[in-house]
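Novice: dropping the sequence and predicted coords here.
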Amino acid sequence: MIDTENVTCDTCTAPAGMTVDASDEASRNWPRVDIEANSYKADFPLFAARPEVVFLDSGATSQRPQCVLDAQADFYRTMNANPLRGLYSLSVEATQAIADVRAQIARFIGVVDEHGRARASEVVFCRNTSEALNIVAKCFAPTVLEPGDEVAITIMEHHSNLIPWQQVCAATGAKLVYLYPTKTGEFSDEEIAAKIGPRTKIVSAAHVSNVLGVENPIAKLAAAVHAQGGHMVVDAAQSIPHMPVDVQELGADFLAFSAHKVFGPMGVGVLWGRAELLDAAEPLLTGGEMIDSVTEQGAVWAPVPEKFEAGTQDAAGIYATGVALDYLERVGLAAVAEREAALTHYAMSRMVELPFVDIIGSIYWDRHHGPISFNVRGIHPHDVASIMDMDGVCIRAGHHCAQPLLTWLGVENLACCRMSLAFYNDKADIDRFIESLQHVWNVFNG
C-alpha cells in the first residue's frame, strides 16, 4: 500500500521502496493483459537483428516495422520521381501517393468536414515536430501578436515548444507566461484561470509530457484561450503513438507531430492548422514548388499546403509514413493503450520496490503514457545509462530538452533517466530493466 503522507522529495509523490497493490486507488482496476506474450516484436527487424537489445527509448524514436521499411524502398523501386514536377506517369503516381497520405493523416487526426471528407489541404509536411512548431511561432504568431500580448506555455514543454515562443515574444514585444502544474504534473483550474486571460493570444502545450508522461488537459486549455479569442497550439509528438488524437475534440487550432515517433521514418514531420490561419501565415522557406508565380521583383505564393513545402519533400518517407499509420491502425489504438497500460503498471510496481530509485512525477501508473522518468540515488544519470547499455538495456539520460522543467522540479544535475515504453515491449524487457538497475546500484554500492 502506498503511503502518500511520507513524501521524501519534491519530484515524487512518495518515497521509493513503496509497493503498489490492488488495494491502492490507482491499482484497483489495473489492466489485465498478457505482457509475457508478444506477437509484435516479430514485426520489427531490429529486434531480430539485435536480440540482445532491450529498447526502452521509444519516446526519443520508435522502431519501424518491416512493412514501413519495405514501403520506403518500394517507393524508390516503383515510383521514384519528383512529386508535382512532372506530367509523366511516374511523377503523377508519386504525386498521388503523397496526396493519399495527406488525406490519410487528416482522417487520422480528425480533420474532416461535416460530410466526413478529409480536409487534406490543411496538412503540411515538414521535417519534424520542431520545424512544425517553428512554422507556427515564426510564420503565424506575428500575424496576431502585438506588444503587451501574452503567449502561455507550460513549464514542462520540450525546448522545441519553448525556444520559438521565447524568440517570437522578444521580436513582437509580447510576454511569455508559464503555467505551473503540481510536482506530479496536474494543472489546477485556478492556475489555468490565472495564466490565460484577456491578453492571451496563443497557448501552446504538449499533449503528453516527454518527461513526466502525463497527459495535459488540452481541451480545457483550448476552451480557456478560445474564450479570450486566442489560439491553441498542440505538440502531439508524445501522444500520437499512444492514444487517439482528434483535433476537434482537443479544440486545437494547430497540431504538430513527427513520423519517427509513430513507427514511421525519420525526417518527416506533420503540421496541421486551420485553413484560414495557415492562409494568414507567411512561409518559413521559399523556393521550389511553394510559388504560384515569380517576377523579377516579386512572387505570389502557392496555396496551402504547398506554400509551406519549399523544395523537394521526402516523398519516400511520406509514403512510408502512411504505411506506418496503416500498421498502427491494424494493431488498433485501443489494443496499444491497453497493452501499454499493463506494461506501465508492471514497470512501476517493480520500480517502487527498489529503495534506491526515485520516480520523477507521479508514482501512479495510470498517469504515465510512454515515459517514466527516474533517478538512482547518488549516481549520475549518465553513469546509469552507460552501465545499463552494457547490459543491453537502452534508456535515455540527460535533460530531455526540458531544462526549465528539471530546474523547477529541483532535479540534481539538471539530468534524469527516462525509460519509455511502446506496445512492442514485454514483461521480459521490464525484468531485464529491473535487473540492470540493480546491477547499476551494485556497481557503486557493492
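Specialist: In hand now; what should we look at?
Novice: could you find the closest non-adjacent residue to K41?
Specialist: The shortest distance from K41 to any non-neighbouring residue, by C-beta to C-beta, 6 or more residues apart in numbering, is to F47 (4.6 Å). The C-beta positions use only the backbone N, C-alpha and C, and glycine is treated the same way.
Novice: helix or strand for the one you found, just tell me which one.
Specialist: Secondary structure assignment for F47, by DSSP states H and E: helix 45-49.
Novice: and if you look at V151?
Specialist: Going by DSSP H and E, V151 is part of strand 150-154.
Novice: any chance you could list what contacts the helix holding F47?
Specialist: K41, A42, V53, F55, Q63, R64, Q66, L69, Y424 (C-beta atoms under 8 Å, 6 or more residues apart in numbering).
Novice: how far does that helix sit from its chain's centre?
Specialist: Put simply, helix 45-49 sits 24 Å off its chain's centre (C-alpha atoms, centre = their mean, to the nearest Å).
Novice: tell me the buried residues in it?
Specialist: Neighbour counts over helix 45-49 (16 or more other C-beta atoms under 10 Å) mark F47 as buried.
Novice: residue contacts, the nearest residue to N216 once chain neighbours are set aside?
Specialist: Counting by C-beta to C-beta, 6+ apart, A205 is the residue found nearest to N216 once chain neighbours are left out, at 5.5 Å. A205 makes contact with I153, T154, E157, N161, L179, N216, I218, L221, V233, V234, D235, according to C-beta under 8 Å, 6+ apart.
Novice: burial measure for the fourth one, as a count.
Specialist: Other residues near N161 number 29, with proximity taken as other C-beta atoms under 10 Å.
Novice: thinking it is in contact with A152, fair?
Specialist: No - counting by C-beta atoms under 8 Å, N161 does not reach A152; the two are 11.9 Å apart.
Novice: what residues are shared contacts of those two?
Specialist: With C-beta under 8 Å, 6+ apart as the test, N161 and A152 both reach S204.
Novice: you'd agree E186 is up against E215?
Specialist: No - counting by C-beta under 8 Å, E186 stays clear of E215, with 10.1 Å between them.
Novice: more neighbours: the two, which one.
Specialist: Using other C-beta under 10 Å as the criterion, E186 and E215 rank with E215 on top: 19 against 14.
Novice: what's across from the more buried one in the sheet?
Specialist: E215 has the following beta-bridge partners by DSSP bridges: V208.
Novice: against A205, how distant is it?
Specialist: Distance, E215 to A205, using C-beta to C-beta, to the nearest Å: 11 Å.
Novice: and V144, by the same measure?
Specialist: 17 Å.
Novice: cool, H439 as well?
Specialist: 38 Å.
Novice: where does the residue of the chain most remote from its centre land in three-state SS?
Specialist: What lies farthest from the middle of the chain is E296; by C-alpha atoms, centre = their mean that is 42.4 Å. State at E296, reduced to three classes by DSSP: H, G, I helix; E, B strand; the rest coil: coil.
Novice: over to L221?
Specialist: helix.
Novice: distance check, V92 against A81.
Specialist: From V92 over to A81 (counting by C-beta to C-beta), the distance is 8 Å.
Novice: which residues touch P147?
Specialist: Neighbouring residues of P147 by C-beta under 8 Å, 6+ apart: T172, G173, A174.
Novice: show the contacting residues for the last one.
Specialist: To tie it back to what came earlier, the one meant is A174. L145, E146, P147, G148, D149, E150, V151, V168, K201.
Novice: check contacts around the second one.
Specialist: To tie it back to what came earlier, the one meant is E146. Taking C-beta under 8 Å, 6+ apart as the test, what E146 contacts is T172, G173, A174.
Novice: so for the helix holding F47, what's the average pLDDT?
Specialist: Across helix 45-49, pLDDT averages out at 97.
Novice: which of the contacts of A174 count as buried?
Specialist: For these, buried by 16+ other C-beta under 10 Å: L145, D149, E150, V151, V168, K201.
Novice: domain ranges for this protein?
Specialist: Following automatic domain parsing, one finds the domains of the chain at 22-56+333-445, 68-329.
Novice: ends of the last one, how far apart?
Specialist: Read it as domain 68-329. The first residue of domain 68-329 is 13 Å away from its last residue (C-alpha to C-alpha, to the nearest Å).
Novice: and for stretch 195-213?
Specialist: So stretch 195-213: terminal residues 22 Å apart, C-alpha to C-alpha.
Novice: that stretch - what's its average pLDDT?
Specialist: 98.
Novice: what of stretch 314-324?
Specialist: pLDDT averaged over stretch 314-324 gives 98.
Novice: helices of the stretch 151-300 of the chain, residue ranges please.
Specialist: 163-172, 189-195, 218-226, 247-250, 275-280 (DSSP state H, counting those that start in this stretch).
Novice: of the contacts of E146, which is the nearest to K307?
Specialist: T172 (21.6 Å; C-beta to C-beta).
Novice: distance of that closest one from A222?
Specialist: 22 Å.
Novice: neighbour count: these two, which is higher?
Specialist: More neighbours surround A222 than the other of T172 and A222, with 24 against 18 (other C-beta under 10 Å).
Novice: for the more buried one, give me its contacts.
Specialist: A222 neighbours (C-beta under 8 Å, 6+ apart): V203, M232, L250, G251, A252, D253.
Novice: run a quick neighbour tally on the first one.
Specialist: Read it as V203. Using other C-beta under 10 Å, V203 has 28 other residues around it.
Novice: report the beta-bridge partner residues of it.
Specialist: Applying DSSP bridges, one finds that V203 bridges with A152, M232.
Novice: in this structure it contacts A224, no?
Specialist: Yes - the criterion here is C-beta under 8 Å, and V203 meets it with A224 at 7.3 Å.
Novice: what is in contact with these two at once?
Specialist: Common neighbours of V203 and A224 (C-beta under 8 Å, 6+ apart) are I196.
Novice: okay, the spatially closest residue to V53 that is not a sequence neighbour: pLDDT?
Specialist: Once flanking residues are discounted, V53 sits nearest to G392: 5.5 Å by C-beta to C-beta, 6+ apart. Per-residue pLDDT puts G392 at 98.
Novice: wait, what's in contact with G392?
Specialist: For G392, counting by C-beta under 8 Å, 6+ apart, the contacting residues are E52, V53, V54, R432.
Novice: make CSV from these and add secondary structure and pLDDT to it.
Specialist: CSV is the format used below for these (DSSP: H, G, I helix; E, B strand; the rest coil; pLDDT from 0 to 100):
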residue, secondary structure, pLDDT
E52, coil, 96
V53, coil, 98
V54, strand, 98
R432, helix, 98
